[in-house]
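Chemist: Turn this into a model:
(one chain, ligands or ions: 1)
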Amino acid sequence: MPSPGRNGKRVQTDNQTKKRLKTAEGLLLFWTLFIGLGAVAGASGMLLDPSGKAMGMDGMLPYFQKLPFADVLFRNLFFSGIALLCVNGIPNLIAATLLILRRKAGVFLGGLFGFTLMLWICIQFYMFPLNFMSTIYFIFGLCQLLTAYAAYGFARQTEFSVRREDYPNIGTDKEKLVVFFSRRGYCKKLAYREADRTGAEVTEIMTGEKISGMFGFLWCGRFGMHRRGMPIAPICADFSHYAHVTLVTPIWVFAISSPMREFLRRAEGQIHHYDLVVCHFSNFRYLGAKREAEALLHAPAASFRSVRCRFGQFKEPQRKQKLP
Ligand SMILES: Cc1cc2nc3c(=O)[nH]c(=O)nc-3n(C[C@H](O)[C@H](O)[C@H](O)COP(=O)(O)O)c2cc1C
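Modeler: Below is the predicted model of the structure:
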């Protein structure tokens, strides 16, 4: 469990992530049951009356003639029924069972079978003229896949933790400082790792603004979009005392996060030797953030690191890009 933040906000975020995970898993269970039971019902109808007359599907048979081996496999709906049962029916019910048993594989298989449904519907797009049922089921498959992706992400986030006691070397070199802002804890982890490596002291930029949850995300986005600073708590540090400072910030709307922007404005002319670390979701390097920090501090960054973080997994993009 991540340690509570100064104002308890981290705990609130953890509970929110758990709630979101529960909601996403519940929704995925709904999709797997809805698609699985629907497919079993449809397949049963086809197998009980392969002519399709009872279900009013006999008019569809001519369309099946476009498919390979149609004269053998699609003279009636028997093979289609078996295929529907094996591709969408039973697999989704297996995924639903695993989700009920709270097995990790349930989320993976739920997503996989959402994708399978989309492929299945692609065959229908090839066979039939554009129609409402195929289109809506394609969207259902996509929803199932995206729900599984969200559940996977939330599960990874709940496993993510940053505990100060895991970094014993922090604060052993009084000449170094790491300053960071972090909304969800990813930059906090990077900052702690860096401080543990160099022995630097650590200072967190705090804000009283609402930053957690969906509303917090949108609120932060508003500041980010307008390239504004965000009100922050005063930082009582004499930067001239430190030989080296490392700044760690998330990227917000393709630029430095607003609390870090505010900090840099206040620290103008006080920090001369610094490294900049930016953390973000996408694969870009965000060299613009380096330019912005240099402009605000009136000093060139000694080094620049761009780290991608997805659901708590860090990766540094390897793409070669010319530094300006
Ligand atoms: C308002 C907002 C805007 C964001 N914009 C971007 C973006 O433009 N590009 C990107 O890759 N990530 C973006 N992100 C994702 C964060 O940069 C990323 O999740 C980062 O790891 C968060 O670090 P933290 O947990 O320490 O706050 C944004 C996040 C927020 C809250």
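Chemist: show me where the protein has helices.
Modeler: Ranges of helices in the chain, per DSSP state H, are 9-48, 61-64, 70-73, 78-84, 90-100, 104-127, 132-159, 186-198, 213-225, 258-266, 287-297.
Chemist: Figure out which of the ones you listed is closest to Ile235.
Modeler: Closest of the helices of the chain to Ile235 is helix 258-266, at 6.9 Å (criterion: CB to CB). Where you see a C-beta, it was placed from the backbone N, CA and C, and this is true even at glycine.
Chemist: how is the protein carved up into domains?
Modeler: Following automatic domain parsing, one finds the domains of the chain at 9-159, 164-315.
Chemist: who wins for proximity to the ligand among those domains?
Modeler: When these are compared by CB to the nearest ligand atom, domain 164-315 sits nearest the ligand, at 3.1 Å.
Chemist: can you give me how far that closest one is from the chain middle?
Modeler: 21 Å (CA atoms, centre = their mean, to the nearest Å).
Chemist: Same check on stretch 60-76?
Modeler: For stretch 60-76, the distance to the chain centre is 42 Å (CA atoms, centre = their mean).
Chemist: Pipe the domains of the chain into CSV and attach mean neighbour count and mean pLDDT per row.
Modeler: Below are the domains of the chain laid out as CSV (neighbours: other CB atoms under 10 Å; pLDDT from 0 to 100):
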stretch, mean neighbour count, mean pLDDT
domain 9-159, 17, 93
domain 164-315, 18, 95
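Chemist: May I see the helices of the chain organised as CSV, with distance to the ligand added?
Modeler: Supplementary listing: those in CSV, determined by distance: least, CB to the nearest ligand atom, whole Å:
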stretch, distance to the ligand
helix 9-48, 9
helix 61-64, 44
helix 70-73, 48
helix 78-84, 40
helix 90-100, 27
helix 104-127, 21
helix 132-159, 10
helix 186-198, 3
helix 213-225, 4
helix 258-266, 8
helix 287-297, 10
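Chemist: is it possible to export the ones you listed to JSON lines including distance to Val179?
Modeler: Listed next are the helices of the chain as JSON lines, based on distance: least, CB to CB, whole Å:
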{"stretch": "helix 9-48", "distance to Val179": "18"}
{"stretch": "helix 61-64", "distance to Val179": "65"}
{"stretch": "helix 70-73", "distance to Val179": "67"}
{"stretch": "helix 78-84", "distance to Val179": "58"}
{"stretch": "helix 90-100", "distance to Val179": "43"}
{"stretch": "helix 104-127", "distance to Val179": "37"}
{"stretch": "helix 132-159", "distance to Val179": "24"}
{"stretch": "helix 186-198", "distance to Val179": "8"}
{"stretch": "helix 213-225", "distance to Val179": "18"}
{"stretch": "helix 258-266", "distance to Val179": "7"}
{"stretch": "helix 287-297", "distance to Val179": "11"}
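Chemist: of all these, which lies closest to His273?
Modeler: Using CB to CB, those put helix 287-297 closest to His273, at 10.4 Å.
Chemist: send the alpha carbons of that closest one over as PDB?
Modeler: C-alpha atoms of helix 287-297 as PDB (Å, rounded to 0.1, in the frame of the first residue of the first chain):
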ATOM      1  CA  LEU A 287      11.800  18.100 -25.600                       C
ATOM      2  CA  GLY A 288       9.600  21.100 -25.400                       C
ATOM      3  CA  ALA A 289       9.400  20.600 -21.600                       C
ATOM      4  CA  LYS A 290      13.200  21.000 -21.500                       C
ATOM      5  CA  ARG A 291      13.000  24.200 -23.500                       C
ATOM      6  CA  GLU A 292      10.300  25.600 -21.200                       C
ATOM      7  CA  ALA A 293      12.300  24.700 -18.000                       C
ATOM      8  CA  GLU A 294      15.400  26.400 -19.400                       C
ATOM      9  CA  ALA A 295      13.400  29.500 -20.300                       C
ATOM     10  CA  LEU A 296      11.800  29.700 -16.900                       C
ATOM     11  CA  LEU A 297      15.000  29.100 -14.900                       C
END
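Chemist: Good, wrapping up.
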